[in-house]
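Engineer: give the three-dimensional model of this entry:
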Amino acid sequence: MPGKPPSAIVLYNAPAEAAAGGYALESEAGVLAEVEAVAAALKKLRVPHRIAGVRCLGDVPAAVLAGDERVVFNLVEGFDRRSEEANWVPAACRALGRGVTGNGSECLAIALDKWRSKVLLQAAGLPVPAAVRVAPGGRVRRGELPPGPYIVKPASADASEGIHADRSIVARAGAALDRAVSAIHRQFAQAALVEQFIAGRELNVSLLEQDGEVRVVAIAEIDFSAFAPGKPRIVDYAAKWLAGSFEYHNTPRVLPAPLDRRTAARVAELAVAAWEALGCADYVRVDFRLDEAHRPFVIEVNPNPDIAPDAGFAAALAHAGIRYEQFVRNSLANALAQCPAPTRRRARREGRGERGGKSPAVAVRPTRPGDRDEVLRFLVATGAFLPGEVAIAAEVLDDALAKGSRGGYESLTAELDGRAAGWVCFGPTACTVGTFDVYWIAVAPDAQRRGIGAALLARAEQRIAEQGGRLAVVETSSRPRYDPTREFYRRAGYREAARVAAFYAPDDDKIICTKPIAARAPAAAGPPR
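Structural biologist: This is a model prediction of the structure:
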């Protein structure tokens with residue numbers, strides 16, 4: 001980061017007051033140690049800065065716009081009442097024209113939802129423990145999982161919240177497992193994740209982005225040797241946050257992890273692959289468990305992990321010989337590289353030599369094998385599809401890649417800035433003459449509102465017409481969150497032809513829309529008018 005360093009605002013979530021009765025106040029208060037460490041590093045670097053605490057997403061614009069700092073050092077980890085809104089802090093800051101350290105909103109949202117991130121990791125071919133998501137009021141059905149033991153945790157929480165050694169590990173399916181699931185439902189008012197417990201070693205892999213390249217900083221192991229036989233060897237809430245507990249004082253990290261060369265190389269390879277699968281940036285920790293055969297399983301990806309001086313990431317930096325202020329400087333450089341104001345580096349990345357210029361054109365082309373991981377990543381990131389639906393999309397996409405239109409599915413990708421930014425899949429409807437289904441259409445969240453969806457749909461309609469199609473059919477939900485989807489199809493000329501009441505859920509109808517194709521599709525090379 002040559003030249004005069006930019007000014008920065010250190011933005012953090014002001015911890016809830018104890019009187020508020022919020023859960024996990026220890027983990028919330030831990031952010032203050034991070035703020036102090038980052039501020040001290042900025043002072044050493046002579047970077048002008050200020051510190052601002054926010055209690056909700058609505059506080060962010062006022063806090064950021066109170067100064068003219070170019071970079072937000074984002075230490076917002078959650079909010080008292082709606083913790084998940086912290087995921088959208090980077091998007092809000094970038095919308096205000098600031099660069100932001102750490103990971104983007106899309107990555108944070110995916111990682112917080114353990115089920116969505118697991119589906120995405122699995123779709124990318126990474127080894128993850130078998131698991132099921134149990135919605136509030138539900139239970140694990142017989143045969144859904146291989147034999148236990150299992151670990152039960154909230155589907156959307158971090159910092160080991162909701163994980164306790166004395167009740168989160170369950171030996172087998174049955175009443176005890178049902179009680180553990182119900183406890184998560186009651187305490188967190190969210191789904192529970194029931195995951196096959198890998199009763200082996202635990203590893204933490206710290207990764208850092210430097211000059212656009214991902215670097216494995218260190219592989220650490222948690223030492224459970226002081227645990228009595230039979231005591232679950234996990235880093236639960238007590239081990240992470242309760243300073244007076246046995247677990248807190250008897251889960252030291254070992255750096256480097258004592259691994260054979262082959263296992264260490266495999267773990268490092270998988271950690272980088274997990275980074276890429278979730279679209280990570282800047283700094284990340286990936287957690288693994290090794291089974292008795294030394295086979296690694298990705299347990300969780302932690303974007304923006306705890307960077308307090310006594311936390312594992314800071315220890316990994318020290319082990320690698322990276323001073324804390326070097327890490328802070330590197331994060332500022334990464335934030336500037338994606339700052340909304342086009343820097344020279346960004347201009348080169350976008351193929352422009354100066355500020356301004358037209359938005360890059362969208363190219364719609366047949367899907368290539370190299371698009372697969374990116375397509376599945378943004379399918380999850382949209383939040384519009386359930387994990388089971390994403391798994392089906394992966395099967396359809398693989399079939400389209402393997403067989404082309406001969407297999408009944410045709411797949412097109414929209415390319416923007418050299419990457420896959422949108423996807424549509426369609427094919428002839430069985431037992432019909434000239435009817436085609438548009439099965440899937442999705443646009444990456446950071447590429448929406450650029451006409452990509454319209455371009456994809458228009459190109460799909462053109463291909464349908466070229467194959468003798470006369471009618472295109474789409475299906476969608478009646479729920480309010482799908483209002484924009486239905487409006488998109490309406491503008492493209494689709495009209496509701498049928499409705500199946502309570503199809504998806506008691507309050508969720510299936511809406512079937514159709515559009516005549518043959519007469520106008522040959523000219524539909526661009527977005528519908």
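Engineer: contacts, neighbours, all on C-alpha from now
Structural biologist: OK.
Engineer: touching stretch 7-14 from outside, list them.
Structural biologist: When contacts are defined by CA atoms under 8 Å, 6 or more residues apart in numbering, stretch 7-14 is touched by residues 28, 31, 35, 38-39, 47-56, 64, 69-79.
Engineer: just the ones in helices from these, please.
Structural biologist: Among the contacts of stretch 7-14, the ones falling in helices (DSSP state H) are 28, 31, 35, 38-39, 64.
Engineer: possible to save those as TSV with pLDDT and distance to A264?
Structural biologist: As requested, these are exported to TSV (pLDDT from 0 to 100; distance: CA to CA, whole Å):
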residue	pLDDT	distance to A264
E28	58	33
V31	86	31
V35	94	33
V38	97	31
A39	96	34
V64	91	42
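Engineer: name the nearest of the residues you listed relative to V380.
Structural biologist: Nearest to V380 among these, counting by CA to CA, is E28 at 27.7 Å.
Engineer: circling back to that earlier point, just the buried ones from the contacts of stretch 7-14?
Structural biologist: The neighbour-count test (16 or more other CA atoms under 10 Å) applied to the contacts of stretch 7-14 identifies 28, 31, 35, 38-39, 47, 49, 53-56, 64, 69-79 as buried.
Engineer: may I ask you to confirm that L317 belongs to a strand?
Structural biologist: No. Using DSSP: H, G, I helix; E, B strand; the rest coil, the assignment for L317 is helix, not a strand.
Engineer: any idea how far it is from L255?
Structural biologist: 11 Å (CA to CA, to the nearest Å).
Engineer: hang on, the earlier thing: out of the buried ones among the contacts of stretch 7-14, list just those in strands.
Structural biologist: 49, 53-54, 71-75 (DSSP state E).
Engineer: point out where the chain drops to low pLDDT.
Structural biologist: Residue ranges of the chain with pLDDT under 70: 1-5, 16-29, 81, 340-361, 387, 405, 518-529.
Engineer: find the centremost residue of it, please.
Structural biologist: I110 (2.2 Å; CA atoms, centre = their mean).
Engineer: that one belongs to a helix, doesn't it?
Structural biologist: Yes. Secondary structure of I110, determined by three-state DSSP: located in a helix.
Engineer: and for stretch 368-388, what's in contact with it?
Structural biologist: 106-107, 109-110, 115-116, 119-120, 123-124, 277-279, 390, 393-394, 397, 401, 413, 419-423, 442-445.
Engineer: do a quick rundown of the helices in the stretch 51-200 of the chain.
Structural biologist: 60-65, 89-95, 105-112, 114-123, 175-188 (DSSP state H, counting those that start in this stretch).
Engineer: right, and these - which one's nearest G434?
Structural biologist: Here helix 114-123 is closest among these (CA to CA), at 32.8 Å.
Engineer: for that closest one, packing partners?
Structural biologist: If you count contacts as 3 or more CA pairs under 8 Å, 6 or more residues apart in numbering; DSSP states H and E, helix 114-123 packs onto helix 105-112, helix 261-278, helix 372-381, helix 387-403.
Engineer: G493 is nearest to which of those helices?
Structural biologist: That would be helix 372-381 among the helices and strands packed on helix 114-123, by CA to CA, at 24.1 Å.
Engineer: quick one, the closest one and helix 261-278 angle?
Structural biologist: Angle between the axes of helix 372-381 and helix 261-278 is 60 degrees (criterion: axes from the mean of the first three to the mean of the last three CA atoms, to 10 degrees).
Engineer: ends of stretch 159-179, how far apart?
Structural biologist: 22 Å.
Engineer: and that stretch, what's buried?
Structural biologist: 159-165, 167-170, 173, 177.
Engineer: and D507, backbone torsions?
Structural biologist: phi -110, psi 20 (degrees, to the nearest 10).
Engineer: make that R285, sorry
Structural biologist: phi -120, psi 130.
Engineer: from P303, how far off is it?
Structural biologist: 6 Å.
Engineer: how about T367, phi and psi?
Structural biologist: Torsion angles, degrees, to the nearest 10, at T367: phi -70, psi 140.
Engineer: look up how far R449 lies from it.
Structural biologist: For T367, the distance to R449 - CA to CA - is 21 Å.
Engineer: which of these two has more neighbours?
Structural biologist: For T367 versus R449, neighbours defined as other CA atoms under 10 Å are more numerous around T367 (23 against 10).
Engineer: correct me, but the more buried one touches L412?
Structural biologist: Yes. Counting by CA atoms under 8 Å, T367 does reach L412; the two are 4.9 Å apart.
Engineer: all strands for the stretch 201-350 of the chain, in order.
Structural biologist: 201-210, 213-222, 253-254, 283-290, 296-303 (DSSP state E, counting those that start in this stretch).
Engineer: out of these, which comes closest to T101?
Structural biologist: Smallest distance to T101 across the strands of the stretch 201-350 of the chain (CA to CA): 8.9 Å, for strand 283-290.
Engineer: residues touching that closest one, excluding its own?
Structural biologist: 102-103, 198-209, 271, 274-275, 296-305, 313.
Engineer: of the residues you listed, select the buried ones using a ChimeraX command.
Structural biologist: Only the buried entries of the contacts of strand 283-290 go into this ChimeraX selection, using 16+ other CA under 10 Å:
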select :102,103,198,200,201,202,203,204,205,206,207,208,209,271,274,275,296,297,298,299,300,301,302,303,304,305,313
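Engineer: ok, back up a step: nearest to E325, out of the buried residues of stretch 159-179: which one, please.
Structural biologist: Among the buried residues of stretch 159-179, and counting by CA to CA, the member closest to E325 is A159, at 24.3 Å.
Engineer: is it true that the closest one touches A238?
Structural biologist: No. Counting by CA under 8 Å, A238 is not a contact partner of A159; they are 10.6 Å apart.
Engineer: as a markdown table, the ones in helices among the contacts of stretch 7-14 with distance to I322 would be great.
Structural biologist: Formatted as a markdown table, those follow (distance: CA to CA, whole Å):
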| residue | distance to I322 |
| --- | --- |
| E28 | 27 |
| V31 | 21 |
| V35 | 19 |
| V38 | 15 |
| A39 | 17 |
| V64 | 29 |
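Engineer: out of the residues you listed, which is nearest to V152?
Structural biologist: Using CA to CA, the ones in helices among the contacts of stretch 7-14 come closest to V152 at E28, 22.1 Å.
Engineer: how many residues are close by R46?
Structural biologist: 13.
Engineer: flag every buried residue along stretch 229-236.
Structural biologist: For stretch 229-236, by 16+ other CA under 10 Å, it's 232-236.
Engineer: actually stretch 283-298, sorry about that
Structural biologist: Neighbour-count burial for stretch 283-298, with 16+ other CA under 10 Å as criterion, is recorded at 283-290, 296-298.
Engineer: now for those residues: which two are most distant?
Structural biologist: Counting by CA to CA, the most remote pair of the buried residues of stretch 283-298 is Y283 and L290, 22.9 Å apart.
Engineer: who's I441 bridged to?
Structural biologist: V424 (DSSP bridges).
Engineer: report the contact partners of it.
Structural biologist: By CA under 8 Å, 6+ apart, the neighbours of I441 are 422-425, 453, 456-457.
Engineer: again, only using 7 Å
Structural biologist: 423-425 (CA atoms under 7 Å, 6 or more residues apart in numbering).
Engineer: so which of these is the most crowded?
Structural biologist: W423 (31 neighbours).
Engineer: where's that residue relative to L108, distance?
Structural biologist: Taking CA to CA, one finds W423 at 22 Å from L108.
Engineer: how about the contacts made by the closest residue to L108 other than its chain neighbours?
Structural biologist: Excluding its sequence neighbours, the residue lying closest to L108 (CA to CA, 6 or more residues apart in numbering) is N87, at 5.4 Å. Shown in contact with N87 (CA under 7 Å, 6+ apart): 105, 108-109.
Engineer: ok, C93 - contacts?
Structural biologist: V100.
Engineer: how about a cut-off of 10 Å?
Structural biologist: For C93, the contacting residues are 60-61, 64-65, 71-72, 74, 99-100, 339-340, by CA atoms under 10 Å, 6 or more residues apart in numbering.
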